[in-house]
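# Quick check, what structure comes out for this input:
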Amino acid sequence: MKTRHRTPPSTWHNWSGLESASGLQVITPGDAEEVRAAVVEARTAGRTVKAAGTGHSFTAIAKPAHVQLLPDRMRGILEVDRVAMTVTALAGTQLKVFNAELERLGLSLHNMGDIAEQTLAGAISTGTHGTGGRASGLAAQVVGLELVTGTGEILRASASENADVLDLARVGLGALGVLTAITFAVEPLFVLRAEEKPMSWEEGMAGFDDLTAASDHVDMYWFPHADRLLTKSYTRSGTDLSVAEPLPRWRSWVDDDLLANTVFGAQTAALNRAPRAIPAANRFAARMIGARTYSDLAHRVFTTERRVVFREMEYAVPREAGLVALSECRAAFERSGLSVSFPVEIRVAPADDVPLSTSYGRDSFYLAFHTHHRADHEAYFTLMESVMRDHGGRPHWGKLHSLDADDLAPLYPRFGDFLALRERLDPDRVFTNPYLDRVLGA
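Next comes the predicted model:
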């Protein structure tokens, strides 16, 4: 089989620096047929294949062992259907590029996460989600896809064709095939009004349910060692783009570039060398947070540039258990004597019908725990994970956790269906790696 754009043996590492691989055969396919050729060749040779995008997963979910497929030549929009209100794009397209193209077309996704560096394939495969809204995450907005299976078949899935594959492959973990194209349901481009303000822990706990009920999207941050929260509530302002009142460029640069990236990065790096100063630094930072209100196109409000490298664990617990779980996390943390310089992110999402989505079949309350990439995260994450597991938490597939297939199967009612489809589409485990062996079984 002939496959274009081979390179000499190469290395791979993910964004956080936790995972790496070397001696890889790297192939940069340009279309589904070239992906198919690479998969068939690898299968024949008894090798494995992983399509690795931008490496934004903190786990080893995309870690290649033999053959790495780069998506650099599989980017861009393929089709726009304004009657059905769908847009189809090549799976290697980065979210930030997709959002910009949708803006040019006067269209938008309904909801998205706060980082836009991932490829479309990587984002849906790991269950990337946002907060609030009618759709809990990107995968819930997928209405069609194309993938190359482990047997070398180019398979298309929609509501009318291979519907069982669409159902399960929307969050496919890279275990079912190599995604080559994805179709999203979209809507007219809309404006979000953002209101950000600090509040006390007591005020945040007492008013959280009312705030989420009154807003389309809510994101909240708690600063460990402090009694303060930052809340971000977003409300739709319609499709009249002229009503947008974005932040002045100087204010956006100061707040989101200088303070949130440059200063925060330097501060947290310095605190790694002086951990005893972290509690006082967090309390000071929490007191310095100011309020601001602005409005802009949806994707500009949802997404944030993150240049400070960190490590993350995130769990989704049932919505009704969320505030209790958060309070238990704070109590456990304060008893532990640990020092953590990064805030805890708090979000909610409605139930969806994507079988391996963390919000499958239940409204969810997300808690995301972060540390600087040079800080020791293990004790902190282990402590928080014990609370999450007590509440039936489901870990984000692309973020750090310790669960295996025996732990995960009871959390997902259709786990067995997913394994059966994997057996059908990739019987020789062309797409496996140690992470997938752990969470799905060999």
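# which SS state does Glu305 fall under?
Following DSSP: H, G, I helix; E, B strand; the rest coil, Glu305 is assigned to coil.
# need the contact list for it.
Contacts for Glu305 (Cβ atoms under 8 Å, 6 or more residues apart in numbering) come out as Asp256, Asp257, Asn261. Where you see a C-beta, it was placed from the backbone N, CA and C, and this is true even at glycine.
# which residue sits closest to the last one in space, ignoring its chain neighbours?
By the measure of Cβ to Cβ, 6 or more residues apart in numbering, the closest residue to Asn261 outside its immediate chain neighbours is Arg307, 4.4 Å from it.
# residue ranges with poor pLDDT in the stretch 51-200 of the chain?
In the prediction, the stretch 51-200 of the chain carries no residues with pLDDT under 70.
# Tell me where it has strands.
67-69, 77-81, 86-90, 107-108, 142-148, 154-158, 178-185, 187-188, 191-200 (DSSP state E, counting those that start in this stretch).
# Find the nearest non-adjacent residue to Arg306, please.
Computed as Cβ to Cβ, 6+ apart, the closest residue to Arg306 that is not its neighbour in sequence is Ile115, at 5.9 Å.
# middle-most residue in the chain, spatially?
Thr128 (3.1 Å; Cα atoms, centre = their mean).
# for the residue nearest to Arg306, what are its contacts?
Contacts for Ile115 (Cβ under 8 Å, 6+ apart) come out as His56, Leu95, Thr303, Thr304, Arg306.
# Need the buried ones from the residues you listed selected in ChimeraX.
Per 16 or more other Cβ atoms under 10 Å, the buried members of the contacts of Ile115 correspond to this ChimeraX selection:
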select :56,95,303,306
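# Out of the contacts of Ile115, flag the one nearest to His66.
His56 (22.1 Å; Cβ to Cβ).
# Now for the closest one: which residues touch it?
Asn14, Trp15, Ile115, Glu117, Gln118, Gly122, Gly398.
# Val148 now?
Val148 touches Ala32, Val35, Arg36, Val39, Ile154, Leu155, Gly177, Val178, Thr180, counting by Cβ under 8 Å, 6+ apart.
# try Arg287
By Cβ under 8 Å, 6+ apart, the neighbours of Arg287 are Arg228.
# repeat that for 10 Å
Listed by Cβ atoms under 10 Å, 6 or more residues apart in numbering, the contact partners of Arg287 are Pro198, Phe223, Ala226, Asp227, Arg228.
# Which of the residues you listed fall in strands?
Per DSSP state E, strands hold the following members of these: Pro198, Arg228.
# So which of the contacts of Arg287 wins on neighbours?
Counting neighbours by other Cβ atoms under 10 Å, Phe223 leads these with 25 neighbours.
# Hmm, it is touching Phe264, no?
No: contact criterion Cβ atoms under 10 Å: Phe223 and Phe264 do not qualify, at 11.9 Å.
# shared neighbours of these two, anything?
By Cβ under 10 Å, 6+ apart, the residues touching both Phe223 and Phe264 are Ala285, Ser341, Phe342.
# What are the buried residues along whichever strand or helix holds the first one?
Going back to what we said before, that points to Ala285. According to DSSP states H and E, Ala285 maps onto helix 278-288. By neighbour count on 16+ other Cβ under 10 Å, the buried set for helix 278-288 is Ile278, Pro279, Ala281, Asn282, Arg283, Ala285, Ala286.
# per-residue confidence at Val263?
Predicted confidence (pLDDT) at Val263: the value is 87.
# scratch that, His5 is what I was asking about
We have a pLDDT of 60 for His5.
# ditto for Ala285
Looking at Ala285, its pLDDT reads 88.
# Contact partners for it?
Phe223, His225, Ala226, Arg228, Leu230, Leu259, Val263, Phe264, Gln267, Ser341, Pro343.
# for those, which one is nearest Ser237?
Of all the contacts of Ala285, Leu230 has the smallest distance to Ser237: 21.7 Å, by Cβ to Cβ.
# Surely that closest one and Val218 touch.
No: look at Leu230 against Val218 with Cβ under 10 Å: they stay out of range, at 11.4 Å.
# mind listing what Pro71 touches?
Contacts of Pro71 by Cβ under 10 Å, 6+ apart are 28-29, 35, 51-54, 90-94, 119-122, 178-180.
# For the nearest residue to Ser252 once chain neighbours are set aside, give its distance to Ala260.
Nearest non-adjacent residue to Ser252, counting by Cβ to Cβ, 6+ apart: Pro246, 7.5 Å away. For Pro246, the distance to Ala260 equals 16 Å [Cβ to Cβ, to the nearest Å].
# those helices in the protein, which residues are they?
Taking DSSP state H as the criterion, the chain carries its helices at 32-45, 95-105, 120-125, 163-169, 201-214, 249-252, 264-273, 278-288, 298-302, 322-336, 378-390, 405-408, 415-425, 434-440.
# ok so, going back, would you turn the buried residues of helix 278-288 into CSV with distance to Phe184?
Below are the buried residues of helix 278-288 laid out as CSV (distance: Cβ to Cβ, whole Å):
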residue, distance to Phe184
Ile278, 41
Pro279, 44
Ala281, 41
Asn282, 38
Arg283, 42
Ala285, 37
Ala286, 37
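# Among the contacts of Arg287, which one sits closest to His299?
Taking Cβ to Cβ as the measure, Pro198 is the one of the contacts of Arg287 closest to His299, at 25.3 Å.
# picking that back up, just the closest of the contacts of Glu305 to Tyr366, please.
Set against Tyr366, the nearest of those by Cβ to Cβ is Asp256 (22.0 Å).
# Tell me how many other residues crowd the closest one.
13.
# contacting residues around it?
Leu247, Thr304, Glu305 are the contacts of Asp256 under Cβ under 10 Å, 6+ apart.
# if I look at it, how far off is Asp296?
12 Å.
# hey, what's in contact with both of these two?
Leu247.
# what's across from Thr371 in the sheet?
When bridges are called by DSSP bridges, Thr371 pairs up with Arg311.
# my bad, Asp219
Taking DSSP bridges as the rule, Asp219 bridges to Lys232, Arg347.
# what's the burial count for it?
Neighbours of Asp219 under the rule other Cβ under 10 Å: 23.
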